[in-house]
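Undergrad: Kindly generate the corresponding structure for this input.
(one chain, ligands or ions: 2)
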Amino acid sequence: MPIFNYQDNDALGKVISVDTSNVIVEVVNIEQLKRLQVNRLAVLQSSKPGQHLIGLINKVTRKKLDSNLIDEDAENQPLEQNLCRISLIGTLLDRDGVRQNVFRRTLESVPEIDANCFSLEGDYLTGFMRILSSTAEEGKSLTLGRYTLDDGAVAYLNGNRFFQRHAFIGGSTGSGKSWTTAKVIEQMAELDSPNAIIFDLHGEYEPLQADSIQHFKVAGPGDIDAGNTLEDGVIFLPYWLLSYEALVSMFVDRSDQNAPNQAMIISREINAAKRKYLEDGDHVDLLNNFTVDSPVPFDLAGLLGELNQINTQMVPGSGGREKQGEFFGKLARMIARLENKTSDRRLGFLFQGGAGTLEFDWLDTLIASLMGSADENDSKGIKIINFSEVPSDILPLIVSLVARLAFSVQQWTPSNLRHPIALLCDEAHLYIPQRSMAGAADDVSIDIFERIAKEGRKYGTSLVVISQRPSEVNKTVLSQCSNFVSMRLTNVDDQNVIKKLLPDSLGGFSEILPTLDTGEALVVGDASLLPSRIRIDKPRNEPNSGTIDFWDEWQDAVPVGRLTNAVQNWRKQSI
Ligand SMILES: Nc1ncnc2c1ncn2[C@@H]1O[C@H](COP(=O)(O)OP(=O)(O)OP(=O)(O)O)[C@@H](O)[C@H]1O
Ligand SMILES: [Mg+2]
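TA: Numbering: from 1, shown residues only. Ligands and ions are numbered 1, 2, ... in the order given. Now for the predicted structure:
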């Protein structure tokens, strides 16, 4: 049974103008006009029988006609023209083969001039939304919540498409991004062998628990004191995993006049130190295809010794006297930086992992933990990594290091053995910023994420970019996302970013962004059947959003000893 049974006299009005994806309808009945609401749905008669076109109302106007143009003699001459602009978003087919009532995101036809337009509400709306839900339900689908238009209808997303071409979750602080992300993670966790890494910058996702969720934390000073290891869920990311560019950005100050010499020498010396490691460890077979970026450990103390030697080298000069070598004193600042960093307790996860992290096989162990799946060496599919103790100045280097490890492994896996992985990047503006705002550490990170955004699809690597400042997130990365879950956005610059990413015909849809409720999202993209407003369900385990009830807390007693405790912890660099 077709769900719509509109009669001609139910019509709001008739089509008076058509272009590729918009139509303009003239509404004759003023009462009808008052009922029309922007962002609600409308149905248009199609030129093909057994089909209806579905559209989104995006503008309703009432215009006084120019009195000069009115023919005074004619009777019942209207004094105004009521118009409604509708973006066409899909077709409802009464039947498609053996299936009845099928909705497609394509326009199978366009309406003709004078075609009738009807509003989609009441039982018809419920019927239509049910069709959307059941169409999507057939596959393994991702549910975020229910349609705001009809809360009886579950909004499904196509899980394949959501991850295939990257997704973006945006919204002002407190709009519900982390909860939405938790909802996505929860559903991934119900699959048999999900695979994902979540970059959790504040330890917000700690409460998420499921059989296939595993928690890790990048080692902080306290973990080093306690001797925690991978078995305790503590990750070390030894310095030798960093790319040459990342090492240079950490040790060489770009503004130093000797920066080019320093970069050249450190490259040469790291190369030599890695070679030595391979030779000493009987891995000479790897030397043929070896580069400075190869994931090979090297001895940092040895490197430092070499650099000191070059920095103080004397060479024979004229008349048998010694003179200063070419790089005498030129490496001093780089050496000082290196020494400072290696002894910085906050960077212990890079430099103080102990001898184990310098073993050749250590990379295998790390990768197995980070990327293993449920049926491989006791790993669990979804890994939530807490980066809260990583200092903010090197955060981009460290997050992107993990992303690079994951992407490299995907690239080096033969395609028949590959298992797709998603990287969920919370607070992405902190480590995937715009180029123009970027510093040296950011550049390294941007390069990696841009590369994954552009090429990840082919290697089964998906990005889910999550940010409260879409306007500060790297444009190249955003433009590669084809799904947008946009929550309340109050800042105009941020709204404009989303607006530009929407298809032209839906640009007006973005105007509801500032008015969305907490936990409500505008979902647009190739994973959703209909660009729609969705009320996101609460996740089973709620993330620690750190929502503090100031007013209430200011009425409670203040915790004893909090300030001395804080100062102490600050000095100790651990809580
Ligand atoms: N789907 C939802 N239903 C009901 N309440 C919600 C929902 N999502 C979020 N909230 C409320 O909003 C608060 C903030 O949500 P959340 O932590 O997800 O925001 P956020 O967008 O991640 O913010 P930030 O940018 O600061 O990280 C939550 O503590 C919760 O009270
Ligand atoms: Mg958040």
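
Undergrad: Now stretch 425-436: average pLDDT?
TA: Stretch 425-436 carries an average pLDDT of 92.

Undergrad: Check the average confidence over the longest strand anywhere in the chain, would you?
TA: When the chain is parsed with DSSP state E, its longest strand is strand 80-96. Across strand 80-96, the average pLDDT comes to 89.

Undergrad: same thing with stretch 331-350?
TA: On average, stretch 331-350 scores 90.

Undergrad: Report the buried residues of that stretch.
TA: 331-335, 337-338, 341-342, 344, 346-350 (16 or more other CB atoms under 10 Å). For every residue, glycine as well, the C-beta is placed using N, CA and C.

Undergrad: Run a quick neighbour tally on residue 161.
TA: 16 (other CB atoms under 10 Å).

Undergrad: Pull up the gap between residue 186 and residue 427, please.
TA: 20 Å (CB to CB, to the nearest Å).

Undergrad: now do residue 50
TA: From residue 50 to residue 427 the distance is 49 Å (CB to CB).

Undergrad: and these two? which has more neighbours close in?
TA: Neighbour comparison, residue 50 and residue 427: the larger count goes to residue 427, with 21 against 11 (by other CB under 10 Å).

Undergrad: Need the nearest residue in space to the more buried one, chain neighbours excluded.
TA: In space, and not counting its chain neighbours, residue 427 is closest to residue 201: 4.8 Å by CB to CB, 6 or more residues apart in numbering.

Undergrad: contacting residues around whichever residue of the stretch 401-550 of the chain sits closest to ligand 1?
TA: For the stretch 401-550 of the chain, the residue closest to ligand 1 is residue 519, as judged by CB to the nearest ligand atom, at 2.6 Å. Contacts for residue 519 (CB atoms under 8 Å, 6 or more residues apart in numbering) come out as 145, 175, 176, 179, 180, 487, 535, 536, 538.

Undergrad: List the neighbouring strands of the helix or strand hosting the first one plus their orientation.
TA: Taking DSSP states H and E as the criterion, residue 145 maps to strand 141-147. Here strand 141-147 is paired, per DSSP bridges, with strand 154-158 (antiparallel), strand 532-536 (antiparallel).

Undergrad: model confidence over it, on average?
TA: Mean predicted confidence for strand 141-147 is 86.

Undergrad: contact partners of it?
TA: So strand 141-147 is contacted by 129, 132, 152-159, 162, 180, 183-184, 187, 485, 519, 521, 523, 527, 532-537 (CB under 8 Å, 6+ apart).

Undergrad: Check the gap between the residue of the chain most remote from its centre and residue 248 for me.
TA: Note on the chain: the largest C-alpha distance from the chain mean falls to residue 319, namely 65.5 Å (CA atoms, centre = their mean). As judged by CB to CB, residue 319 and residue 248 stand 38 Å apart.

Undergrad: thinking again about what came up before, wait, which of the strands paired with strand 141-147 is closest to ligand 2?
TA: strand 532-536 (13.1 Å; CB to the ion).

Undergrad: Grab the CA positions of the helix or strand that that closest one is followed by and hand them over as PDB.
TA: Following strand 532-536 in sequence order, the next helix or strand is helix 550-553 (DSSP H and E). Output of helix 550-553 as PDB, limited to C-alpha atoms (Å, rounded to 0.1, in the frame of the first residue of the first chain):
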ATOM      1  CA  PHE A 550      29.000  26.100  39.800                       C
ATOM      2  CA  TRP A 551      26.000  27.500  41.700                       C
ATOM      3  CA  ASP A 552      25.400  24.400  43.600                       C
ATOM      4  CA  GLU A 553      29.000  23.800  44.400                       C
END
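
Undergrad: hmm, helix 550-553 touching ligand 1?
TA: No. Helix 550-553 is not in contact with ligand 1 by CB under 6 Å from any ligand atom; minimum separation 13.8 Å.
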